[in-house]
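1. Okay, predicted coordinates and the sequence, questions at the end:
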Amino acid sequence: MPGPHPRGAPAEERLACLDALAAELTARGWTAYVITPRGRPARLFVQNPHDPGMCADVMAAAGSGTGDWWFWFGWAERIALVDTPGVAAAVIVTELQRPVDVR
């Protein structure tokens, strides 16, 4: 999904990106599933299997400036480009394994 899209990515493209990331995370033993709330963009819920309190929502959206599409944590931190779900999964696993007070 490179480059800008004038009205955001179609829902199917967002879902495809999130599904690819969910597959990477579940292959590593993590809980990851797509949530599609009515009237809102889809998001991926991710949970550490060893510490269920360590969880996050991840979205796929354009970054400012270049218009490239990225995975983002719900707290507005960029993770990785959407065409690199393996890299994104590694970043998410690392982030959700850190003690909360280190963030």
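-> Right, received. Where do you want to start? Everything quoted here is computed from the prediction, not taken from an experiment. Numbering: from 1, shown residues only.

2. Could you grab the helix/strand/coil label for the closest residue to Trp72 other than its chain neighbours?
-> Leaving out its chain neighbours, the residue that sits closest to Trp72 by Cβ to Cβ, 6 or more residues apart in numbering is Met59, at 5.0 Å. (C-beta placed from N, C-alpha, C; glycine too.) Under the three-state scheme (DSSP: H, G, I helix; E, B strand; the rest coil), Met59 adopts strand.

3. Could you tell me how many residues sit around Met59?
-> Look at Met59: counted by other Cβ atoms under 10 Å, it has 19 neighbours.

4. how near is it to Phe71?
-> The gap separating Met59 from Phe71 is 7 Å, by Cβ to Cβ, to the nearest Å.

5. in this structure, which spans are helices?
-> For the chain, the helices defined by DSSP state H cover 11-27, 85-95.

6. Show me the one of those helices that comes nearest Gly53.
-> Closest to Gly53 of the helices of the chain, according to Cβ to Cβ: helix 85-95, at 13.7 Å.

7. May I have the predicted confidence score for Asp19?
-> Asp19 carries a pLDDT value of 97.

8. show me what contacts it?
-> By Cβ atoms under 8 Å, 6 or more residues apart in numbering, the contact list for Asp19 reads Val34.

9. going forward, begin numbering at 26 instead of 1
-> Okay, using 26 as the starting number, the last item reads as Asp44.

10. can you pull the buried residues of stretch 60-80?
-> Across stretch 60-80, burial judged by 16 or more other Cβ atoms under 10 Å covers Ala67, Arg68, Leu69, Phe70, Val71, Gln72, Asn73, Met79.

11. does the third one really touch Cys42, like I thought?
-> What that stands for is Leu69. No. Using Cβ atoms under 8 Å, Leu69 is not in contact with Cys42, being 9.0 Å away.
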